[in-house]
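Novice: Sequence and predicted model, in that order:
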Amino acid sequence: LREWLGMDRSTFYDSDLLAILPMDFYYPGKGKSGDLPPRKGFAAKWHPQILAQLPEVRLTLLVGRYAQDYYLAKSKRSNLTETVAHYQDYLPDYFPLVHPSPLNQRWLKQHPWFEQEVIPDLQKLIHTILK
């Protein structure tokens, strides 16, 4: 993720600049095709309270299907690939991304447009926000 954002280590871990809010604080384990979903109701209960403590959020990266399902709800596309491909539709508030997991290497190879088009746009946007 840090590489996709074009950030060095010190910037990425600077808590005055970046916050990471997981969909759950508990790892539910692995399923047949990746991680099991976060617990129901966790994000609805805790995210508003946490986000209220982060008043200067300029962009929210929606990393993976679970985050996109929750935050984009009915505005998301038919699948993760289509949602990520149409990331511009969700700006300026959200930027949907595939999860940067080693399990997604096949997805990345099948969709070279992601690293050729999406990542450079993400890096430009991050650079602008950090200025």
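Specialist: Perfect, thanks for sending it. Residues are numbered from 1 along each chain as shown.
Novice: helices or strands up against the lowest-mean-pLDDT helix or strand in the chain?
Specialist: In the chain, the helix or strand scored least confidently by mean pLDDT, DSSP states H and E is strand 34-35, which has a mean of 84. On a contact count with 3 or more CB pairs under 8 Å, 6 or more residues apart in numbering; DSSP states H and E, strand 34-35 meets no helix or strand. Heads up, the C-betas are built off the backbone N, CA and C, glycines and all.
Novice: So which residues of the protein form helices?
Specialist: Listed in chain order, the helices of the chain (DSSP state H) span 2-5, 9-12, 42-51, 65-72, 80-85, 105-110, 113, 119-130.
Novice: And the ones you listed: which comes nearest Ser33?
Specialist: Of all the helices of the chain, it is helix 65-72 that lies closest to Ser33, at 10.5 Å by CB to CB.
Novice: how near is Tyr70 to Asp89?
Specialist: As judged by CB to CB, to the nearest Å, Tyr70 and Asp89 stand 17 Å apart.
Novice: Please say which of those two ends up with more neighbours.
Specialist: A direct count of neighbours by other CB atoms under 10 Å for Tyr70 and Asp89 places Tyr70 higher, at 16 against 13.
Novice: Check whether that one really touches Gly41, as I assumed.
Specialist: No. Taking contacts as CB atoms under 8 Å, Tyr70 lies outside contact range of Gly41: 10.9 Å.
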